[in-house]
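Trainee: model this:
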Amino acid sequence: MMDEKSLNEFLEKYIANRHTEREHELFMEWLNTAPLDEVQRIIDKYQFAAQRNLNEEQMLYPHLASRIEAGIDELDKKDQQVKSVKTLWPSFKKIASVAAAFIVIASITTYFLSSRSSKKQEITAAKTPSKNQIPPGGNKAVLTLANGSQIILDSVQNGILAKQANIDIRKTTGGKIIYNASNPLGSNTPALYNTIITPRGGQYQVTLSDGTKVWLNAASSLKFPAAFSNNERVVELTGEAYFEVAKLTSPSVAGREGSRIPFKVITANQTVEVLGTHFNVNSYDDEATINTTLLEGSVKIVQAKTNASQLLKPGQQAKVGAKIQISDVDATQAIAWKNGYFIFSHEDIGSIMRQVSRWYDINIQYEGNVTKEGFVGTISKFKDVAQVLDMLQLTGAVHFKTENDPAEPGKKRIIVMP
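Mentor: Below is the predicted model of the structure:
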């Protein structure tokens, strides 16, 4: 049997494709007998490293689909799950039987390596650029200052962009702007509101004057004061953003210790009240509910129409529609977009395609009786959209066609079909 040291050595070799057949056999023996939580730990440790190192050419073998689906079918038999779930490859993970999922990855990798030399012509042909190639989004946003002037952030050089009262607005590398305040505003000083807007296919990060960091997803906007007062911190959000709120205390008065200054995020149907915490808010107009997911600290959710409120604990999500619904979730999935991934957890194709539409700035149309099945999987959002669609198609549950959009000349659209 394999101990911790030999497991680590094997998996390092596995990622680099240097493992022997005997080492692979020993690993499979361990995989079939190890406790489920131990297997889960190993998968979590190595799956993203493996994904980065696996040669992208393996994605070009259409005949691998049957092997992948066969492995998934075997998982479904073992799970005996009532709910229909389609699993995506290569970075997929079943809720149960994760060991078998890892076996499928390993067997596909072995197959790819043994077939590589004989399939060189197929690879070359498959790498020919497609006329329907649609690249992913990037760091794009427009900043509107209090005086109405606009700055296209993706086209201006790094450095100081503007000055507002006691604020320097600076663009740095990696799609970020930072508001540096020399001192806070007085209670009677009027606030100067700025707005940052990301288009479809855009994202951006802003550090507010209090040190709070905000990551904006595609098709989103954030309205905020250039500098916060000593009394409150309030911003307005549309779309989706991840917040790391800085803890801030008001100045001491007459020897009395200052109080913590709350931070509020206002959306169309709710207000999120926090002191210092990490959370994600998804408030897109085309989603059925506003979803707030807490990663660290605590937040208070207030429903706008009824003033009903709920407190969230880390690892919980509030869905706000006509009422507030609280559930326990894997909070890291809510911020997958910030970390460069699409992570689908039993999501239907409509939910998935809304995310694809925003990030790739492409229209979606449905034809026929499209599946209602749930999909589970992880896909890098920095791939061409064709690679994302190919992974979804490998399940056999859905198919796609990309074509010119007659409603918007010069743009493409994706047709979703059974």
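Trainee: rest of the way, CA atoms for contacts and neighbours
Mentor: OK.
Trainee: And the helices in the protein?
Mentor: 4-15, 21-33, 36-53, 64-79, 98-115, 120-126, 331-334, 349-360, 385-393 (DSSP state H).
Trainee: lowest-confidence stretch among those helices?
Mentor: Lowest mean pLDDT of the helices of the chain: helix 120-126, a mean of 31.
Trainee: Run through the strands of the stretch 201-350 of the chain in chain order.
Mentor: 202-207, 213-216, 220-225, 233-244, 263-266, 270-274, 278-283, 290-296, 299-303, 309-312, 316-320, 324-328, 341-347 (DSSP state E, counting those that start in this stretch).
Trainee: And those: which comes nearest residue 369?
Mentor: Nearest of these to residue 369, taken as Cα to Cα: strand 341-347 at 17.0 Å.
Trainee: neighbouring contacts of that closest one?
Mentor: 85, 333, 336-337, 352, 373-382 (Cα atoms under 8 Å, 6 or more residues apart in numbering).
Trainee: Let me know the closest of these to residue 206.
Mentor: Nearest to residue 206 among the contacts of strand 341-347: residue 337, at 16.1 Å, using Cα to Cα.
Trainee: Please read off the pLDDT at that closest one from the model.
Mentor: In this model, residue 337 carries a pLDDT of 96.
Trainee: same check, this time on the one 10 residues further on
Mentor: Turning to residue 347, the model gives it a pLDDT of 88.
Trainee: That one: neighbouring residues, count only.
Mentor: 17 (other Cα atoms under 10 Å).
Trainee: repeat for residue 286
Mentor: With other Cα under 10 Å as criterion, residue 286 counts 9.
Trainee: now do residue 260
Mentor: 16.
Trainee: Might one say that it is in contact with residue 233?
Mentor: No: between residue 260 and residue 233 there is no contact under Cα atoms under 8 Å: 10.9 Å.
Trainee: which of the contacts of strand 341-347 are buried?
Mentor: The neighbour count (16 or more other Cα atoms under 10 Å) marks 85, 333, 336-337, 352, 374-382 as buried among the contacts of strand 341-347.
Trainee: give the contact list for the spatially most central residue of the chain.
Mentor: Nearest to the mean C-alpha position of the chain, counting by Cα atoms, centre = their mean, stands residue 337 at 1.6 Å. Applying Cα under 8 Å, 6+ apart, we find residue 337 in contact with 217, 343, 381.
Trainee: Help me confirm that the first one comes into contact with residue 196.
Mentor: Yep, that's residue 217 we're talking about. No: look at residue 217 against residue 196 with Cα under 8 Å: they stay out of range, at 11.4 Å.
Trainee: what about the protein, any weak spots by pLDDT?
Mentor: 1, 14-17, 28, 31-32, 34-132, 182-189, 251-258 (pLDDT under 70).
Trainee: how does it divide up, domain by domain?
Mentor: Following automatic domain parsing, one finds the domains of the chain at 4-126, 138-334, 341-417.
Trainee: which residues does residue 2 contact?
Mentor: 26-27, 30.
Trainee: out of the strands of the stretch 201-350 of the chain, which comes closest to residue 192?
Mentor: That would be strand 220-225 among these, by Cα to Cα, at 5.3 Å.
Trainee: Okay, now the sheet partners of that closest one, with direction.
Mentor: strand 193-198 (antiparallel), strand 233-244 (antiparallel) (DSSP bridges).
Trainee: What residues sit buried inside the last one?
Mentor: In other words, strand 233-244. For strand 233-244, the neighbour count (16+ other Cα under 10 Å) marks 233-244 as buried.
Trainee: what's the answer for stretch 274-294, then?
Mentor: 274-284, 289-294.
Trainee: what are the bridge partners for residue 273, then?
Mentor: In beta-bridge terms (that is, DSSP bridges), residue 273 pairs with residue 264, residue 300.
Trainee: is it true that it touches residue 301?
Mentor: Yes: Residue 273 is within contact range of residue 301, at 6.6 Å (criterion: Cα under 8 Å).
Trainee: These two: which is more packed in?
Mentor: Legend: neighbour count by other Cα under 10 Å for residue 273 and residue 301, higher for residue 301 (23 against 19).
Trainee: Now do the same contact list for the more buried one.
Mentor: By Cα under 8 Å, 6+ apart, the neighbours of residue 301 are 270-273, 309-312, 318.
Trainee: any chance of those residues in JSON lines, plus distance to residue 8?
Mentor: Compiled in JSON lines, the contacts of residue 301 are given as follows (distance: Cα to Cα, whole Å):
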{"residue": "270", "distance to residue 8": "47"}
{"residue": "271", "distance to residue 8": "46"}
{"residue": "272", "distance to residue 8": "43"}
{"residue": "273", "distance to residue 8": "44"}
{"residue": "309", "distance to residue 8": "47"}
{"residue": "310", "distance to residue 8": "44"}
{"residue": "311", "distance to residue 8": "41"}
{"residue": "312", "distance to residue 8": "38"}
{"residue": "318", "distance to residue 8": "39"}
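Trainee: Now, of the residues you listed, which are buried?
Mentor: 270-273, 309, 312, 318.
Trainee: Quick one: end-to-end length of stretch 319-331, please.
Mentor: End-to-end distance of stretch 319-331: 13 Å, with Cα to Cα, to the nearest Å as the criterion.
Trainee: Just the buried positions in that stretch, please.
Mentor: 319-321, 324, 326, 331.
Trainee: And stretch 158-166, by the same measure?
Mentor: Of the residues in stretch 158-166, none is buried (16+ other Cα under 10 Å).
Trainee: Go ahead and produce CSV holding the CA coordinates of it.
Mentor: Extracted C-alpha coordinates of stretch 158-166, given in CSV (Å, rounded to 0.1, in the frame of the first residue of the first chain):
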residue,chain,number,x,y,z
ASN,A,158,-1.0,53.0,-15.7
GLY,A,159,-0.5,55.8,-13.2
ILE,A,160,-2.6,58.6,-11.7
LEU,A,161,-5.8,59.0,-13.7
ALA,A,162,-7.4,61.9,-11.8
LYS,A,163,-7.6,63.8,-8.5
GLN,A,164,-10.8,64.5,-6.6
ALA,A,165,-10.5,66.6,-3.4
ASN,A,166,-8.2,64.6,-1.2
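Trainee: Great, nothing more from me.
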